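A structural model of the following input is requested.
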Amino acid sequence: CNIYLAKVPNITMAEAKRNRGIAEAKFLRALYYSLLVNYYGDAPLILDPPVKEHNTLPRTPKEQVFIQIIKDLDEAAAVLSETASQPGRVTKGACYALKARQYLYHNKFAEAAAAAKQVMDMKKYSLFPDYRTLFMPENENNAEVIFDVQYLFPNYCHSFDLIRRQFDTAAPLRDLVDAYLMADGSDIKTSKTYDPAKYWENRDPRFRMTLVWPGSTYRGALVTDRTFAQTGLTFKKYSIYDENNSYNSLIKNASQSDINYIVLRYADVLLTYAEAKIELNQIDESVYEAINMVRNRPTVKMPLIQHSDPSDAANYAAMTDQARLREILRLERRIEFAGEGFYYMDILRWRTAEKVNNGPIYTHNYTEKLVRKFNKDRDYLWPIPAYELQENAALEPNNPNW
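Residues are numbered from 1 along each chain as shown. Predicted coordinates for the structure are as follows:
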């Protein structure tokens, strides 16, 4: 990005095209730096093309890097249009959405709510009606997608189909299974209809559209305890396979999958807005509306969260009950984005990882798989890799307790 930004002003081309390219490069630089500060904290802030001297730069405080991230996104948004010039290119909405996410991740809730509202007020995005097929090849670049990574066989591919179908190295845990609510909005601990022997029945419809479990059908065959070796479970998301569809006989192996990976989608913006307003304790009807839009997707139709009927305890949250709404919002994020890679960052920023990512984890039948250990005084930031420190001693000291 830095090379592009330095050289493109000197290239003869249409001014509009040049300006668009500069804005796109700034968005991407902001995206990459956001990943660095989210995981590592302080990181060298480099805004020029690579030179040898960069190899001796110290880490820049993450607050300064964050300022640059927002600056890049604001400058990009000022140039880019609401409609992509071709599928996969950056838009004004993508800049606003990434800005909202980063404000949320850094506990800047007023700014997060405002940036999310900018996306909502554009009236350009909407929730795709079918939660399962939102992630299928035939529905790529739909109205819910704000920014995604464009894959196309055979030029640029990944291996999610093989991973989901066979290796299962990103396997769901029983804790996720148990987190899904019942169809009436109650949890499995309080529900009068939950049957542990048939734990998949009467659940939030996203359960069946996200997970594969022993006893279910997958690729036209019955799933057994031995089908998926890690936990007995697998994800459907980012795979073409399902219970029984036209893709079941199509075997895609390593580096043959080309479903686009969605970086930003409208459901995330809605829940970002709701979470930010809850954390500000500025709870109003718009908070309920944002959460309920996600819950009320046509193929989901979970009961709406409301504040008028306390007798429906499972779906009731008083407008003054910040703690209850926070609990609802956090579970909604976990379920809506299950298998998409966002929950890990959520539990880091919520400072709950020391509880939920510490201790034994279980397979589908509560067999202990392993014991995780999360050190609250160390593990909220990743360590600077040893090879990076060997290359550049100025990156010392490493993150606390590493």
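
where do the strands sit along the stretch 151-300 of the chain?
Ranges of strands in the stretch 151-300 of the chain, per DSSP state E, counting those that start in this stretch, are 211-212, 217-218, 221-222, 234-235, 261-265.

so which of those strands is nearest residue 163?
The closest of these to residue 163 is strand 234-235. By CB to CB, the value is 8.7 Å. For the C-beta atoms, the positions are set from N, CA and C on the backbone; glycine is no exception.

so what touches that closest one?
Strand 234-235 is contacted from outside by 164-165, 168, 170-172, 210-212, 218, 228, 338-339, using CB atoms under 8 Å, 6 or more residues apart in numbering.

residue ranges of the helices in the stretch 251-400 of the chain, please?
Ranges of helices within the stretch 251-400 of the chain are 266-279, 285-295, 322-336, 343-349, 353-356, 386-391, based on DSSP state H, counting those that start in this stretch.

winner for burial among those helices?
Comparing the helices of the stretch 251-400 of the chain by mean neighbour count (mean count of other CB atoms under 10 Å), helix 266-279 ranks first with a mean of 24.

quick one on the thing from earlier: so which of the strands of the stretch 151-300 of the chain gets nearest residue 373?
Short answer: strand 234-235, nearest of these by CB to CB, at 24.8 Å.

partner strands of that closest one, with direction?
Paired with strand 234-235 in the same sheet, following DSSP bridges, are strand 211-212 (antiparallel).

report the distance from the partner strand to the chain centre.
In terms of CA atoms, centre = their mean, to the nearest Å, the centre of strand 211-212 is set 18 Å apart from its chain centre.

going forward can the numbers begin at 262, since that is how I track them
In the new numbering, first residue 262, that becomes strand 472-473.

residue 328 and residue 296, how far apart?
Residue 328 sits 17 Å away from residue 296, taking CB to CB, to the nearest Å as the criterion.

whoops, residue 407 was the one
17 Å.

pick out whichever of the two has more residues nearby.
residue 407 (23 against 11; other CB atoms under 10 Å).

in contact with that one, which residues?
Here residue 407 is in contact with 352, 354-355, 358, 380, 386, 524-527, 530 (CB under 8 Å, 6+ apart).

and those residues as JSON lines, adding pLDDT and distance to residue 621?
Converted to JSON lines, those look like this (pLDDT from 0 to 100; distance: CB to CB, whole Å):
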{"residue": "352", "pLDDT": "98", "distance to residue 621": "44"}
{"residue": "354", "pLDDT": "98", "distance to residue 621": "42"}
{"residue": "355", "pLDDT": "98", "distance to residue 621": "40"}
{"residue": "358", "pLDDT": "98", "distance to residue 621": "37"}
{"residue": "380", "pLDDT": "98", "distance to residue 621": "40"}
{"residue": "386", "pLDDT": "98", "distance to residue 621": "40"}
{"residue": "524", "pLDDT": "98", "distance to residue 621": "32"}
{"residue": "525", "pLDDT": "98", "distance to residue 621": "34"}
{"residue": "526", "pLDDT": "98", "distance to residue 621": "33"}
{"residue": "527", "pLDDT": "98", "distance to residue 621": "36"}
{"residue": "530", "pLDDT": "98", "distance to residue 621": "35"}
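
among these, name the buried ones.
352, 354-355, 358, 380, 386, 524-527, 530 (16 or more other CB atoms under 10 Å).

closest one to residue 303 out of those residues, please.
residue 524 (23.9 Å).

residues making contact with stretch 457-469?
392, 438-439, 441-445, 449, 454-456, 474, 476-477, 560-563, 596-597, 599.

what is the burial count for residue 572?
Other residues within reach of residue 572, judged by other CB under 10 Å, total 5.

what's the answer for residue 316, then?
Residue 316, neighbours per other CB under 10 Å, totals 11.

from residue 318, how far out is the residue nearest to it when sequence neighbours are not counted?
In this structure, residue 316 finds its nearest non-sequential neighbour in residue 653, 5.5 Å apart by CB to CB, 6 or more residues apart in numbering. Relative to residue 318, residue 653 is positioned 7 Å away (CB to CB).

more neighbours, the two?
Just comparing residue 653 and residue 318: by other CB under 10 Å the higher neighbour count belongs to residue 653, 17 against 14.

how far away is the more buried one from residue 320?
Separation of residue 653 from residue 320 (CB to CB): 10 Å.
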